[in-house]
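Chemist: Show me the folded form of this:
(chains A and B)
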Amino acid sequence: MNYLLALSRQIDRMSWTAAQIAVVLVLVCAFISVGNALSRYLFDLSSNAWLEMQWYLFAAIVMLGAAHLLRTNGHIRVDLLYLRLHERQRMMLDLFGLVFFVIPFSIMMVLYAWPWFVEAWLIGETSANAGGLIRWPVKILMPIGFGLLILQAISEIIKRVAALQGKISLDVHYQRPDQ
Amino acid sequence: MLALEFMAPAMFAALVVFLIIGLPVAFSLAALGLVCGMIAIELGIFPAQFMANLPYRVFGILSNELLLSIPFFTLMGAILERSGLAEDLLNGFAKLFGGLPGGLAYAVIVVGAILGAITGTVAASVIAIGVIALPVMLRYGYQPRLATGVVAASGTITQVIPPSLVLIVLADQLGKSVGDMYLGAIGPSIAQILIFLLFIFILSLIKPKLMPPLPKEARTPFGWDLIKTVVLAILPSMALIFVVLGTIFMGLATPTEAGAMGVVGAMVLAALHRRLHWQMMWQGMQSTMNITVMVIFILIGATVFTLVFQGVDGGKWIEDLFLALGADDAVTFLIIVNIIIFVLAFFLDFFEIAFIVIPLLAPIAKDLGIDLIWFGVLICVNMQTSFMHPPFGFALFYLRGIAPPSIKSSDIYLGAIPWLGLQLLLVLILIFYPEIVTGFLDKPAIQDIQAIEIKLDESESGAQSKQTTPADDPADYFKRK
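Modeler: Reported below is the predicted structural model:
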């Protein structure tokens, strides 16, 4: 179990790092978008590469942030009953969701998305737009994002099993995110 | 086939169960879609390649430029909330209207409307207004219920007033342009503000004790100095409104770019107030990232679910349900839909409603000849109530976070109810007077509607309607690809 908990800590750290990148990209992405609008309006210049960069970064924000959000229990739920559950019951429910929902779905997405990335990589696929970007960096984000999600789900399972056995204490507090 | 008939209701029932016991929405949707998809393939309802569409669909979400406006508007709201803008506005308008009974309430409504025209997220408005206005109102003897109610409602109105994030998401889900959606929302926004103001006016006649006027010494300066204060307070807002809304309507920027410019504008404003610092930015960026991921994952899950649900003829099942309820004309359908959404809004947030419920209802609305802009704006107005429902409404939840402990939760809940009624009143008005929405749409957009209605049976209606839109229409920048 200690070995597994160490693994879980490593995974948490990895997700955290990915999420920090995603946080920085939020601002970078906004600046790029402003730059696109201004250069088009002021100098009549428009670059497809920079336009595509916007949504490449958007995809990166979503895919790199997902695992961390799972760790912080930030994926939204209907909290009508959940808030009334005891800690142990919450952990059991979470375990069910992680094992039967998160992991199968993420595995499926990796299996579907991986060959898709490989194809883009092998043929050096680029955007159909003139001056557009090469495609594989954004296509690899999907297997990376869902891969991280699988790992994080494993980490969450380890932590919950350990907590249920009384080996660690785990905060399963849930608060709906602001919007 | 018997199995096929059971699939859609079973999927739906399972979804309800999973959501109610509190499993994460995004993964419940995705996993349910996946499992039912496999069962359907096994039963031969659709071929195995059907599910291979999935990565394309998810990729389509990630590459949707419109959805990129979600982080931008959220970040803009987070910065504005702490930028001191609302403070200046409230200060100016409170002095302007302060002498009247209910003057502070008018000020809160007007400032809510202005903030609504700047930012696209409710949290920013409610918190920014509440932090400043609530203590002042209480100090000068406003009834707590009235004070919390007017703050929650005025903050929530943000979601109807362009550039609302809700309208962007609805436009995306309905396959309409954001520009048209914004134009359609202008009338209802004005109507909602007037209804709120009128309510305070009538209440101030009947029960002036609930909302005493400010004493004279709290209203300095007077005359020209007062006008100067108000103008100075309102100028930065006007500049921001131009940067965000003006550029969208003039076709200079896409909604996404306008949101990004709003981020920079909000940063400049915060810097002018000497409130721009790295810790505040980092917090804003962090919560923005969280919300973006959360929302996009609901959308990804909903996409998987809807793909399979439509594959097992779920659309037809829903349509039959509505027919069974007698919804074979537009008005009945809209009334039933609005009741359903009102009830769902007790449990679900607007993102979930937009991603799960709207794709199921839109085809029926279209078949009944309902203009989808009207439909979308109507639903947007209705979904204000999801922020105001006691006890789970988000606006109330934010208020609880910032209200002084002397205010009881029951005050916040009871205070919200009259405003909920006023929001529903607007829904009713819009159902019977769609001109309030469609009257603001450009001529080409109206031709659009006619083209769709006349050519309902012809597959080329889409191509037809595109030609009627002039090339310089701002909407063209962000037509659904």
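Chemist: ok, residue 24 - contacts?
Modeler: Just going to use chain A. Taking Cβ atoms under 8 Å, 6 or more residues apart in numbering or on different chains, we find residue A:24 in contact with residue B:285. C-beta coordinates here come from the backbone N, C-alpha and C atoms, glycine included.
Chemist: that's the wrong chain, I wanted chain B
Modeler: A:75-77, A:97, A:101-102.
Chemist: repeat for residue B:82
Modeler: B:270, B:275, B:280, B:284.
Chemist: The helix of greatest length in chain B: how far from the chain's middle?
Modeler: Longest helix in chain B by number of residues (criterion: DSSP state H): helix B:278-311. When distances are taken as Cα atoms, centre = their mean, to the nearest Å, helix B:278-311 is centred 16 Å away from the chain's centroid.
Chemist: What average pLDDT does it get?
Modeler: Helix B:278-311 carries an average pLDDT of 91.
Chemist: before we move on, back to that, within reach of chain B, which of the contacts of residue B:24 are there?
Modeler: Counting by Cβ under 8 Å from any Cβ of the partner chain, A:75-77, A:97, A:101-102 from the contacts of residue B:24 sit close to chain B.
Chemist: mind listing the helices for chain A?
Modeler: Under DSSP H, chain A gives helices at A:2-42, A:48-71, A:79-82, A:87-97, A:103-122, A:136-139, A:141-164.
Chemist: Check the stretch 351-481 of chain B too.
Modeler: Taking DSSP state H, counting those that start in this stretch, the helices of the stretch 351-481 of chain B run over residues B:358-367, B:372-383, B:385-388, B:394-402, B:409-432, B:435-438, B:443-454, B:461-467.
Chemist: Measure how buried the closest residue in space to residue B:362 that isn't next to it in sequence is and give me the count.
Modeler: Once flanking residues are discounted, residue B:362 sits nearest to residue B:174: 5.5 Å by Cβ to Cβ, 6 or more residues apart in numbering or on different chains. Applying other Cβ atoms under 10 Å in any protein chain shown, we find 22 residues neighbouring residue B:174.
Chemist: give me the number of residues near the residue in chain A that chain B sits nearest to?
Modeler: Nearest to chain B in chain A, going by Cβ to the nearest Cβ, is residue A:82, at a distance of 3.0 Å. Neighbour count of residue A:82, defined by other Cβ under 10 Å: 19.
Chemist: Contacts only, for it.
Modeler: A:90, A:93, A:174, B:21-22 are the contacts of residue A:82 under Cβ under 8 Å, 6+ apart.
Chemist: Look up how far residue B:20 lies from it.
Modeler: 9 Å (Cβ to Cβ, to the nearest Å).
Chemist: in which helix or strand would I find the closest residue to chain A within chain B?
Modeler: The nearest approach of chain B to chain A comes at residue B:22, 3.0 Å away (Cβ to the nearest Cβ). Using DSSP states H and E, residue B:22 sits in no helix or strand.
Chemist: need the contact list for residue B:377.
Modeler: B:160, B:167, B:181, B:184-185, B:188, B:430, B:437.
Chemist: Same question for the lowest-mean-pLDDT helix or strand in chain A: list its buried residues.
Modeler: Using mean pLDDT, DSSP states H and E, the weakest-scoring helix or strand in chain A turns out to be helix A:79-82, at a mean of 79. Residues residue A:82 are the ones in helix A:79-82 that count as buried (16 or more other Cβ atoms under 10 Å in any protein chain shown).
Chemist: CA atoms of it as CSV?
Modeler: Extracted in CSV, the C-alpha atoms of helix A:79-82 (Å, rounded to 0.1, in the frame of the first residue of the first chain):
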residue,chain,number,x,y,z
ASP,A,79,-25.1,17.8,-5.1
LEU,A,80,-28.6,17.2,-3.8
LEU,A,81,-27.8,13.9,-2.2
TYR,A,82,-24.1,13.9,-2.4
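Chemist: which SS state does residue B:106 fall under?
Modeler: Classification of residue B:106 by DSSP: H, G, I helix; E, B strand; the rest coil places it in helix.
Chemist: you'd agree it is up against residue B:197?
Modeler: Yes - assessed by Cβ atoms under 8 Å, residue B:106 is found in contact with residue B:197 at 6.3 Å.
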